[in-house]
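**Q** How does the following fold in three dimensions:
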Amino acid sequence: MARPRAPSIPLPRPPGGASPRWLTTDESPPPDQLVDVDDRLTADAAYRYATRRIGMVWRGDYRNARQLLAALARRTDARLQRSNRADPARSPAEEFHRYRAKQSRRARTLGMLLVPMEPGFVIPLPRSPDVRTAALEAYPPVGEPAVVALRELLGAIGAHEWRTKGVPVPALGVRLHPHYGVFAPTRNEYVDLVASAPLPPRPPKLAFDIGTGTGVLAAVLANRGVARVVATDVEPRAVACARENLERLGMADRVQVLRADLFPPGRAALVVCNPPWLPTRPHTVLDRAVYDPGGRMLGGFLGGLGAHLRPAGEGWLVLSDLAELLGLRSRVELLGGIEAAGLRVASRTELPARHRAAANPDPTDPLRHARAAEMTSLWRLTAR
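**A** Residues are numbered from 1 along each chain as shown. Have a look, this model is predicted:
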């Protein structure tokens, strides 16, 4: 299994203290300094430490650390909420960037509560859980004392539970098992679009799935009768995840998973891509499935599609219009990119977003109107 990258950075400590290593999955910067704390620390004092970028290494009861993290989150959210109201004078794009900046600030603040980690992923705290399996799926092996943000560790534990239980995919009638850092197929509309779009009268002998993630769209294509699918992803985590899922589904003989930046060699009758939908910079490893700086993957897919399609072949672009609703990309720009690549739109099918933020919008969310109006489309593209 491919191991995630993680920096091994010695952290500053008070004079005379041993220097642990900073363990993280998303290359977030370490605290400026460390201080040991325990159950006597109040939430107000923790908030003051966190806003000064002082990492608090927890030495008390593990469950109390979780309670403190929740209290720290409440204080952080209360302070951010005071300036979170939408302003009619701001554009949707400005609201989005303000929202993202606040979410990043929130993550940095909560990331200052740390737990110690001994070699073998053992947490040396009273009432701490056995996190060895979950941590091994997210981090490289630990051979020396380290510290990790409790918030990030809880995310790794939650990801392990998803990986164990799996995520139901109605279009396949099975569960897929996402690995840590791989986008889970919890939004069914993009899967349903690929599962229902009309195939040629005779299913293609070869299809490409670009940016496969868990392998869900490759599995849908194979399930629909495509004789052979080549799925690619640039992330080692995703390649390992897709291979494991397709092996579990008994499709490994029909679906090949390669590590590649966009296209595999050759041409196919059908090329499918569900790129990240928002053309801005990701902040975490999980963000990479949603945020694509400058629309690099979208542009690369459109620009290279013609060279990888067989005559009369089709490219299926699955894309949300959230970037358009937020003013991050216009429909004119998208259509211009399609035309510049020598492609034409044969048809477009769309479904409304069915995620929680669309169905039950948070009245305090400045982006709620865009989320409620979001549509996901399958664009059938052919060479001109």
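**Q** Leu305 contacts Val271, correct?
**A** Yes - with contact defined as Cβ atoms under 8 Å, Leu305 reaches Val271; the gap is 6.1 Å. Every residue, glycine included, has its C-beta placed from N, CA and C.
**Q** joint contacts of those two?
**A** Common neighbours of Leu305 and Val271, using Cβ atoms under 8 Å, 6 or more residues apart in numbering, are Gly315.
**Q** pLDDT wise, what is Pro12 at?
**A** Reported pLDDT at Pro12 in the predicted model: 51.
**Q** quick one: the longest strand anywhere in the chain to chain centroid distance?
**A** The strand that spans the most residues within the chain, counting by DSSP state E, is strand 309-320. Computed by Cα atoms, centre = their mean, to the nearest Å, the separation of strand 309-320 from the middle of its chain amounts to 24 Å.
**Q** so where is the stretch 201-350 of the chain shaky, pLDDT-wise?
**A** Within the stretch 201-350 of the chain, no stretch has pLDDT under 70.
**Q** dump the residue contacts of Glu244.
**A** Contacts of Glu244 by Cβ under 8 Å, 6+ apart are 177, 179.
**Q** Which strands and helices lie in contact with the longest strand of the chain?
**A** helix 188-196, strand 268-273, helix 296-305, strand 375-383 (3 or more Cβ pairs under 8 Å, 6 or more residues apart in numbering; DSSP states H and E).
**Q** mind redoing it with 6 Å?
**A** strand 268-273, strand 375-383 (3 or more Cβ pairs under 6 Å, 6 or more residues apart in numbering; DSSP states H and E).
**Q** Starting from that strand, tell me which strands it pairs with and how they run.
**A** Sheet pairing of strand 309-320 (DSSP bridges) gives strand 268-273 (parallel), strand 375-383 (antiparallel).
**Q** Which of those strands sits closest to Ala93?
**A** strand 375-383 (18.6 Å; Cβ to Cβ).
**Q** domains of the protein?
**A** Domain assignment for the chain by automatic domain parsing gives 9-162, 166-383.
**Q** helix, strand or coil for Glu350?
**A** Assigned state for Glu350: strand (three-state reduction, DSSP: H, G, I helix; E, B strand; the rest coil).
**Q** who touches the residue lying closest to it once chain neighbours are set aside in this structure?
**A** Spatial nearest neighbour of Glu350, chain neighbours left out: Ser377 (4.2 Å); criterion: Cβ to Cβ, 6 or more residues apart in numbering. Going by Cβ atoms under 6 Å, 6 or more residues apart in numbering, Ser377 touches 319, 348, 350.
**Q** Mind giving me the PyMOL select for these, buried ones only?
**A** Burial among the contacts of Ser377 is assessed by 16 or more other Cβ atoms under 10 Å; the matching PyMOL selection reads:
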select buried, resi 319
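**Q** any chance of the contacts of Ser377 in JSON lines, plus distance to Arg163?
**A** What follows is the contacts of Ser377, written out as JSON lines (distance: Cβ to Cβ, whole Å):
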{"residue": "Leu319", "distance to Arg163": "27"}
{"residue": "Arg348", "distance to Arg163": "34"}
{"residue": "Glu350", "distance to Arg163": "31"}
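**Q** Distance check, the residue most central in space within the chain against Arg259.
**A** What sits nearest the mean C-alpha location of the chain, by Cα atoms, centre = their mean, is Leu286, with 2.8 Å. According to Cβ to Cβ, to the nearest Å, Leu286 and Arg259 sit 19 Å apart.
**Q** Give me the below-cutoff pLDDT ranges for the stretch 1-150 of the chain.
**A** Judged by pLDDT under 70, the stretches of the stretch 1-150 of the chain that qualify are 1-18, 83-87.
**Q** which residues in it form strands?
**A** Counting by DSSP state E, counting those that start in this stretch, the stretch 1-150 of the chain has strands at residues 9-10, 21-23, 33-37, 54-58, 113-117, 146-149.
**Q** any chance of those strands in CSV, plus distance to Ala171 and mean neighbour count?
**A** Shown next, in CSV, are these (distance: least, Cβ to Cβ, whole Å; neighbours: other Cβ atoms under 10 Å):
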stretch, distance to Ala171, mean neighbour count
strand 9-10, 43, 13
strand 21-23, 37, 22
strand 33-37, 48, 17
strand 54-58, 43, 22
strand 113-117, 39, 23
strand 146-149, 36, 24
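**Q** Residues contacting stretch 166-175, please?
**A** Applying Cβ under 6 Å, 6+ apart, the contact partners of stretch 166-175 are 176-177, 184-186, 191-192, 195, 219-220, 223.
**Q** Could you tell me which of the residues you listed count as buried?
**A** 176-177, 184-185, 191-192, 195, 219-220, 223.
**Q** For Val148, state which of those is nearest.
**A** Closest approach to Val148 among these (Cβ to Cβ): Ala184, at 22.1 Å.
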